[in-house]
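Just to be clear, the model below is a prediction. Sequence and coordinates:
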Amino acid sequence: MGENNRRVLVAAIAVTVLAAVFVSFGLPALTSRIPQVTLADLDQPAPQEPDQQFLPVEVTPDTVQSVIATLSRPESYSRSMTVTLFWGENGRGDQQVQMWADDGWVKTTVTSGSGVQHRLVGEGKLRLWYDGDTTWKEVPADSRAADLAQHIPTYEDVLTADKGAITEASYVTRGEKSCIYVEVRQGETDAVDRYWIETATGLLAFCETAEGDKTVYSMEETAYSAPLEETAVFTLPDGTMPSSIQEEGGG
């Protein structure tokens, strides 16, 4: 495959992955219509007393949206991920993603062959810069900005999917993580999105997109820690940080 064609293919895949995140824009309205279900602790047997505090739910294509609707992300945590795009027979591009979240602020660092990009999202603004910069670009940010900065889809996309597009769903264990697994078909194509959502954290631990028998995109969480103990990571390239973080006692 020629270099130009390869670049076009990689860009197309990246656009497809990131476009999935935009679906979450309609999430609040949909979530309010989905009945709430309490997740069972997968590591403990269900209590036999009549006054048990949770309702064990079997995860199936019919119930998975209701189960996912009960999950929530931590307010304060950090994690690392590897995002990979595949093309041709052996072509691939890896990105190392680190992110930190605390009290509504999200900082993301993406390292790839083209350099290191930083994004800081909070209070309705996105600040963008690269390694070596002393200034940054600042633009308005909507509710999707923090997810887009991580170069990963959000599992809440499943809530907006047509139930008929959900082909598989179950509880599984992957890499010692207890997860809700769900597979969603992309329209009338042979492409599918697969999500592994860790029940302990409420975060997407693994995901991939496949076209036929070929994987074209994947993400794997490689490290996780909570809560976030140091807000100095939210520093801007000139050595300062947004005033509201300083007022909260960070840095």
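Looks like it arrived, so ask away. Numbers count the residues shown, from 1 in each chain.

When you work out contacts or count neighbours from here on, use the C-alpha atoms and nothing else.
Fine.

Let me know the pLDDT of residue 51.
For residue 51, the pLDDT comes out at 38.

if I look at the residue positioned nearest the centre of the chain, how far off is residue 206?
Most central in the chain under CA atoms, centre = their mean is residue 154, positioned 4.2 Å from the mean C-alpha point. Residue 154 sits 11 Å away from residue 206, going by CA to CA, to the nearest Å.

do the same with residue 67
18 Å.

Repeat that for residue 132.
Taking CA to CA, one finds residue 132 at 31 Å from residue 206.

Looking at these two, which has the bigger crowd around it?
Per other CA atoms under 10 Å, whichever of residue 132 and residue 206 has more neighbours is residue 206, with 23 against 8.

how about the more buried one, what does it touch?
The neighbours of residue 206, taking CA atoms under 8 Å, 6 or more residues apart in numbering as the test, are 195-197, 218-221.

Closest to residue 244 out of those residues?
Proximity of the contacts of residue 206 to residue 244 was ranked by CA to CA; the top entry is residue 221 with 29.7 Å.

what's across from that closest one in the sheet?
Assessed by DSSP bridges, residue 221 has beta-bridge partners residue 81.

just checking, it touches residue 205?
Yes - with contact defined as CA atoms under 8 Å, residue 221 counts as touching residue 205 (5.1 Å).

what's next to stretch 127-142, contact-wise?
Against stretch 127-142 from outside (CA under 8 Å, 6+ apart): 115-122, 124-126, 237-238.

Taking those residues, please make a PyMOL selection of just the buried ones.
Only the buried entries of those go into this PyMOL selection, using 16 or more other CA atoms under 10 Å:
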select buried, resi 116+117+118+119+120+121+122+126+237
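
Would you mind giving the contacts of stretch 127-142 as CSV with secondary structure added?
Formatted as CSV, the contacts of stretch 127-142 follow (DSSP: H, G, I helix; E, B strand; the rest coil):
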residue, secondary structure
115, strand
116, strand
117, strand
118, strand
119, strand
120, strand
121, strand
122, strand
124, coil
125, strand
126, strand
237, coil
238, coil
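
mind putting the contacts of stretch 127-142 in a markdown table, distance to residue 170 included?
Listed next are these as a markdown table, based on distance: CA to CA, whole Å:
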| residue | distance to residue 170 |
| --- | --- |
| 115 | 38 |
| 116 | 37 |
| 117 | 36 |
| 118 | 36 |
| 119 | 34 |
| 120 | 35 |
| 121 | 33 |
| 122 | 35 |
| 124 | 36 |
| 125 | 37 |
| 126 | 36 |
| 237 | 44 |
| 238 | 47 |
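
Could you identify the most distant pair in the contacts of stretch 127-142?
115 and 124 (26.0 Å).

returning to that earlier point: and residue 221 and residue 205? which has more neighbours close in?
Applying other CA under 10 Å to residue 221 and residue 205 shows that residue 205 carries more neighbours, namely 25 against 17.

average pLDDT for stretch 164-173?
The model assigns stretch 164-173 a mean pLDDT of 96.

Just give the closest residue to residue 228, not the sequence neighbours.
residue 77 (4.7 Å; CA to CA, 6 or more residues apart in numbering).

Which strand or helix spans the one you found?
If you go by DSSP states H and E, residue 77 is part of strand 76-87.

So which other helices or strands are in contact with that strand?
Here strand 76-87 touches helix 3-22, strand 91-102, strand 214-225, going by 3 or more CA pairs under 8 Å, 6 or more residues apart in numbering; DSSP states H and E.
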